[in-house]
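S.K.: sequence? don't have it. structure:
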């Protein structure tokens, strides 16, 4: 009976060590966030009505323009993110956007809660709002 407990404890310790060694770091999160924000930005900005008329007249290839900002979007996400490292996993809370670019157009506010575990990222919650303040929204 004691040997089973010892084996179970050793297995739990090995699992915990494995998870802590594969807990993604900020650099990995930056790459993940850049990919996600590029997709979100392309979806929001490059579809019909995503950009104001004036911007659509100037920007010829919205998808390529957004894709060219991939690395910058990742850096922006890291600055706007708080990481809670729990050893075997991490929680990343990101809040960005809301800046007014044109009189009638602001960057949409974006908030996400992401779980990082075993070398992977899983988005647990997202919230996007063109005008609502995240502090007032009450979402996690």
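M.R.: Perfect, I can see it now. Model, not experiment: these values are computed from the prediction.
S.K.: any regions of this protein where pLDDT drops low?
M.R.: For the chain, the stretches with pLDDT under 70 are 1, 8, 10, 12-19, 99-107, 129-140.
S.K.: quick check, central residue of it?
M.R.: residue 33 (4.3 Å; C-alpha atoms, centre = their mean).
S.K.: which residues of this structure fall in strands?
M.R.: Using DSSP state E, the strands of the chain run over residues 81-85, 89-96, 100-102, 105-106, 109-117, 120-129.
S.K.: CSV for those, including mean neighbour count?
M.R.: C-beta coordinates here come from the backbone N, C-alpha and C atoms, glycine included. Formatted as CSV, those follow (neighbours: other C-beta atoms under 10 Å):
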stretch, mean neighbour count
strand 81-85, 13
strand 89-96, 19
strand 100-102, 10
strand 105-106, 14
strand 109-117, 20
strand 120-129, 14
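S.K.: those strands: which one's closest to residue 29?
M.R.: strand 89-96 (5.7 Å; C-beta to C-beta).
S.K.: what residues does the closest one touch?
M.R.: Contact with strand 89-96 is made by 19, 23-24, 29, 33, 76-77, 80-84, 109-117, 121, 134, as judged by C-beta atoms under 8 Å, 6 or more residues apart in numbering.
S.K.: do that again at 6 Å, thanks
M.R.: For strand 89-96, the surrounding residues in contact (C-beta atoms under 6 Å, 6 or more residues apart in numbering) are 23, 29, 77, 80-84, 110-114, 116-117, 134.
S.K.: who does it pair up with?
M.R.: strand 81-85 (antiparallel), strand 109-117 (antiparallel) (DSSP bridges).
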